[in-house]
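> sequence and predicted model, in that order:
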Amino acid sequence: MSAYLVTEEHIGNLVGWSMQAQRHLHCWNMVQRKPVNLDGGNGTTPYHRGAELARILAEANLASIAARYGAEDKHQERDFVADCIKAARRPNLLLSAKDIYNMATCLDYQSCEVHDWVVTDAYWCIRAIMAEAARVMASGAKIDWSYDQDEWDANMLAEREKHAQSFKKMLLS
């Protein structure tokens, strides 16, 4: 496998999208059985949560490159993390949930070179971003949560009736 440093805008847009008021981002480390602390010791404002999420994701990408290639540049690390935090404040609001899902998948792949990747908070934050993007993409699904045959049959009957009425209306026009 290989790894590369994604752009600060890549991480910034993932964070900016995830921190929007209508999002439901719940970062929980399932291996360590604890919530991921996004407060960073600075309070719980969206700015602080976003800055901490950007830091976690940026440091994970840097650690992956260091694990893969053995290179560490503390100056580059500081600049990259700070630039990701800045980029999170100005996200591209035209990115869709599909875009975010794909970008999260990319960051996951570029950050996975560290030992015990699935134990890290970054892994679980990326999973939370992917889950939120998937939730948004699935918002128009016929099944909201669990499958119930009777409910499905009733919904399909109502949908067929709606189409029949629409077709009848078209024929009468």
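Yep, that arrived.

> what's the lowest-mean-pLDDT helix or strand in the chain in contact with?
When each helix and strand of the chain is scored by mean pLDDT, DSSP states H and E, helix 74-88 comes last, with a mean of 86. For helix 74-88, contacts defined as Cβ atoms under 8 Å, 6 or more residues apart in numbering pick out 5, 8-9, 11-13, 15-16, 19, 50-51, 53-55, 57-59, 62. Quick note: C-beta positions are derived from backbone N, CA and C, even for glycine.

> return the set of buried residues in that helix.
Across helix 74-88, burial judged by 16 or more other Cβ atoms under 10 Å covers 77, 80-81, 83-85, 87-88.

> distance to residue 110 for these - can I get that in a markdown table?
Output for the buried residues of helix 74-88, formatted as a markdown table (distance: Cβ to Cβ, whole Å):
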| residue | distance to residue 110 |
| --- | --- |
| 77 | 15 |
| 80 | 13 |
| 81 | 15 |
| 83 | 16 |
| 84 | 13 |
| 85 | 18 |
| 87 | 16 |
| 88 | 18 |
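
> just those residues now: which is nearest residue 39?
residue 85 (14.6 Å; Cβ to Cβ).

> alpha carbons of the helix or strand residue 66 falls within, as PDB, please.
Secondary structure assignment for residue 66, by DSSP states H and E: helix 46-69. In PDB, the C-alpha atoms belonging to helix 46-69 read as follows (Å, rounded to 0.1, in the frame of the first residue of the first chain):
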ATOM      1  CA  PRO A  46     -18.800  24.000  17.100                       C
ATOM      2  CA  TYR A  47     -15.500  25.900  16.400                       C
ATOM      3  CA  HIS A  48     -13.600  24.000  19.100                       C
ATOM      4  CA  ARG A  49     -15.200  20.600  18.100                       C
ATOM      5  CA  GLY A  50     -14.300  21.200  14.400                       C
ATOM      6  CA  ALA A  51     -10.700  22.300  15.300                       C
ATOM      7  CA  GLU A  52     -10.200  19.200  17.400                       C
ATOM      8  CA  LEU A  53     -11.700  16.900  14.700                       C
ATOM      9  CA  ALA A  54      -9.400  18.600  12.100                       C
ATOM     10  CA  ARG A  55      -6.400  18.000  14.300                       C
ATOM     11  CA  ILE A  56      -7.300  14.300  14.900                       C
ATOM     12  CA  LEU A  57      -7.700  13.700  11.100                       C
ATOM     13  CA  ALA A  58      -4.700  15.700  10.100                       C
ATOM     14  CA  GLU A  59      -2.400  14.000  12.600                       C
ATOM     15  CA  ALA A  60      -3.700  10.600  11.500                       C
ATOM     16  CA  ASN A  61      -2.800  11.300   7.900                       C
ATOM     17  CA  LEU A  62       0.700  12.500   8.900                       C
ATOM     18  CA  ALA A  63       1.200   9.500  11.200                       C
ATOM     19  CA  SER A  64       0.300   7.100   8.300                       C
ATOM     20  CA  ILE A  65       2.900   8.700   6.000                       C
ATOM     21  CA  ALA A  66       5.500   8.500   8.800                       C
ATOM     22  CA  ALA A  67       4.600   4.900   9.400                       C
ATOM     23  CA  ARG A  68       4.800   4.000   5.700                       C
ATOM     24  CA  TYR A  69       7.900   6.000   4.700                       C
END
